[in-house]
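**Student:** Make a model of this:
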Amino acid sequence: MTEFDIIIIGSGPAGMAAARTSAEGGANVLLVDEQKSPGGQIYRAILDTSEQRQSILGPDYSDGRALALALDHANITITCSATVWRVDEDAAVTYSVAGKAAQAKGRQLIIATGALERPVPVPGWTLPGVMTAGAAQILLKASGIAPERAVLAGSGPLLYLIASQLITAGFPPAALVETQSANNFIDAIKHLPGALRGWSYIVKGRDMLSQIRSAGIPRYTGAKDISISGDDAVNGLNFAAKGHRHEIPCDTILLHAGVVANTQITRSLRLDHDWDDRQLCFYPITDDWGMSSNPVIRIAGDGAGIGGAKAAVFSGQLAALGALNALEKLDVQVRDSKAAPLRANLRRETAIRPFLDTLYRPSPEFRTPADEVMICRCEEVTAGDIRGYAKLGCTGPNQAKAFGRSGMGPCQGRYCGLTVTELLAEANGLSQQETGYYRIRAPLKPITLGEIAAFAEEND
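**Tutor:** As a prediction, this is how the structure comes out:
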């Protein structure tokens, strides 16, 4: 087992920023990520992307290049293509690279695993040709592949960004179908004064919408009763908007309803979590330095609450300063002095979040879908099955596993967990916090028995 002062899981904006700050503070750092190179999802393949593709993806994507290049530091060890499949409460991290398991031990651990796209379970969402909007963006970043005449459906600013990128790439989408309505805007108005502090994001949104209009792309808002048609593959999107039924023929549909904190590792560590009724997800409870309910484990970036890429950078730097202080490599006065401008920047970057979270609040039909909709794709469990379990006395997601195996497939609940929580909470008249979430156990990702056996033999 190799030992480090600080281990960081995830090389997105928070992880990269935390690594550089930790290294500059004199800590010996291990940065572990499952991608081939640093960048995370938001800056995926940033060091390998051509200038032409960077121009398509835009300046916000290119910002990640400086963060990735800053990892060239003597105190930083980078391990990419690594599958982290176990994390222990003493900050020991077990991972596999090319089928070979290894373990490292940190005096402090920073979890910077970012966010997951919220599931969008609607009728037909399991058909070939349906993907998340984020998955389409990953294809564009990593391979330069873009879908032709795709329909973007759901809610959230990411839909505008991807539409803009597809237009620039020469593959304009066929339509945008959005669920937010005038009522969402009315609810969000109270947060507008704070949002104006993040005026640059409002300007970016205005410019993207202008580009979408100029490209002649139809845009529908207030969409309801969304369903996807097709037998062996997608052939169209159906919905109601402003009192009329619509059907848009298409071969590809990109669904999106925002992102949520990735809590798989933090759940496996039994850290304290709370339900956020604005962002409609669970998140690990942390202090101002990212410290969780375990004093040697910190969480940075979107994994501690959705704030965006730039906010994640400041969050990662603050977590690193907290870890350096805990390791006695940085005294309190210096830590606080360095942290002051970071906190000011973080407040500015997150000022717009209440407005965005309210305006693009996920539609109820996504959160608690109709009975016939499959919500656990791995084990083919429907929303009606979950409601049926509630009638039989099932009060929580872990019980639901025993009733019908939801959350026990290869994704380990990543894409059905929140839906199961919401369905059971509604059916039983309980809050989401009372209902709870899956109990996550190692291995956190599918691995072979050979990896486990080889690791056990090596340790023996």
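
**Student:** Domain-wise, how is this structure divided?
**Tutor:** Following automatic domain parsing, the chain resolves into domains at 2-116+260-330, 119-257+355-359, 368-435.

**Student:** From start to finish, how long is the last one in a straight line?
**Tutor:** Criterion Cα to Cα, to the nearest Å; first-to-last residue distance in domain 368-435 is 14 Å.

**Student:** and if you look at the second one?
**Tutor:** Start to finish, the residues bounding domain 119-257+355-359 are 18 Å apart (Cα to Cα).

**Student:** any low-confidence regions in this structure?
**Tutor:** Along the chain, the parts satisfying pLDDT under 70 run over 456-460.

**Student:** and of the domains of the chain, who's closest to residue 450?
**Tutor:** For residue 450, the closest of these is domain 2-116+260-330, at 7.1 Å, according to Cβ to Cβ. Every residue, glycine included, has its C-beta placed from N, CA and C.

**Student:** gap between the two ends of the closest one?
**Tutor:** 24 Å.

**Student:** Equivalent analysis for stretch 283-293, please.
**Tutor:** By Cα to Cα, the extent of stretch 283-293 from end to end equals 12 Å.

**Student:** Over to stretch 364-373?
**Tutor:** End-to-end distance (Cα to Cα), stretch 364-373: 14 Å.

**Student:** ok, which stretches of the stretch 151-300 of the chain are helices?
**Tutor:** Taking DSSP state H, counting those that start in this stretch as the criterion, the stretch 151-300 of the chain contains helices spanning 157-169, 182-188, 192-195, 199-214, 264-268.

**Student:** Now do the longest one and helix 157-169, the angle between them.
**Tutor:** Spelled out, it's helix 199-214. On the basis of axes from the mean of the first three to the mean of the last three Cα atoms, to 10 degrees, helix 199-214 is oriented at 50 degrees to helix 157-169.

**Student:** can you give me the strands in the stretch 251-400 of the chain?
**Tutor:** Counting by DSSP state E, counting those that start in this stretch, the stretch 251-400 of the chain has strands at residues 253-257, 259-261, 273-276, 281-284, 297-299, 374-376, 381-382.

**Student:** So which residues of the stretch 351-460 of the chain form helices?
**Tutor:** Under DSSP H, counting those that start in this stretch, the stretch 351-460 of the chain gives helices at 353-359, 364-367, 383-391, 397-404, 417-428, 432-435, 449-459.

**Student:** So which of those helices has the densest surroundings on average?
**Tutor:** Per residue and on average, the most neighbours among these fall to helix 417-428, with a mean of 23 (mean count of other Cβ atoms under 10 Å).

**Student:** Excluding its own residues, what touches it? List them.
**Tutor:** Outside helix 417-428, the residues that touch it by Cβ atoms under 8 Å, 6 or more residues apart in numbering are 118-119, 121, 260, 280-282, 367-369, 375-376, 383, 386-387, 389-391, 394-397, 400, 406-407, 413, 430-432, 434-438.

**Student:** Skipping adjacent residues, who's closest to residue 180 in space?
**Tutor:** In space, and not counting its chain neighbours, residue 180 is closest to residue 155: 5.0 Å by Cβ to Cβ, 6 or more residues apart in numbering.

**Student:** Can you name the residues that contact residue 265?
**Tutor:** Residues near residue 265 by Cβ under 8 Å, 6+ apart: 9, 84, 87, 111, 113, 440, 444.

**Student:** Quickly note the distance from the last one to residue 236.
**Tutor:** From residue 444 over to residue 236 the distance is 38 Å, taken as Cβ to Cβ, to the nearest Å.

**Student:** What pairs with the lengthiest strand in the chain, parallel or antiparallel?
**Tutor:** Criterion DSSP state E: the longest strand present in the chain is strand 100-111. Its sheet considered, strand 100-111 pairs with strand 2-9 (parallel), strand 92-97 (antiparallel), strand 297-299 (parallel) by DSSP bridges.

**Student:** Run the chain-centre distance for that strand.
**Tutor:** Distance, stretch centre to chain centre, for strand 100-111: 22 Å (Cα atoms, centre = their mean, to the nearest Å).

**Student:** other SSEs contacting the next helix or strand after it?
**Tutor:** Downstream of strand 100-111, the first helix or strand assigned by DSSP states H and E is strand 115-117. Applying 3 or more Cβ pairs under 8 Å, 6 or more residues apart in numbering; DSSP states H and E, one finds that strand 115-117 contacts helix 133-143, strand 259-261.

**Student:** make it 7 Å
**Tutor:** For strand 115-117, the helices and strands in contact under the criterion 3 or more Cβ pairs under 7 Å, 6 or more residues apart in numbering; DSSP states H and E are strand 259-261.

**Student:** now what about the strand it packs on, what contacts it?
**Tutor:** Surrounding strand 259-261, the residues in contact under the criterion Cβ atoms under 7 Å, 6 or more residues apart in numbering are 115-118, 279, 281-283, 302-306, 418.

**Student:** Same check on stretch 51-58?
**Tutor:** 61-62, 141, 144, 165, 168-169.

**Student:** Restricting to C-alpha, output that stretch in CSV.
**Tutor:** Output of stretch 51-58 as CSV, limited to C-alpha atoms (Å, rounded to 0.1, in the frame of the first residue of the first chain):
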residue,chain,number,x,y,z
GLU,A,51,-8.4,23.6,-31.7
GLN,A,52,-11.3,23.1,-34.1
ARG,A,53,-13.3,21.0,-31.6
GLN,A,54,-12.4,23.5,-28.8
SER,A,55,-13.9,26.3,-30.9
ILE,A,56,-17.1,24.2,-31.2
LEU,A,57,-17.3,23.5,-27.5
GLY,A,58,-16.6,27.1,-26.6
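
**Student:** mind listing what's buried in it?
**Tutor:** 53-54, 56-57 (16 or more other Cβ atoms under 10 Å).

**Student:** Give me the subset of these lying in helices.
**Tutor:** 53-54, 56-57 (DSSP state H).

**Student:** Looking at the residues you listed, point me to the pair that's furthest apart.
**Tutor:** Farthest pair in those (Cβ to Cβ) is 54 and 56. Separation: 7.2 Å.

**Student:** And residue 444 and residue 236? Which one has more around it.
**Tutor:** Remark: of residue 444 and residue 236, residue 444 carries more neighbours, 20 against 17, as counted by other Cβ atoms under 10 Å.

**Student:** Need the nearest residue in space to that one, chain neighbours excluded.
**Tutor:** Spatially, and ignoring its direct neighbours in sequence, residue 444 is nearest to residue 85 (5.0 Å; Cβ to Cβ, 6+ apart).
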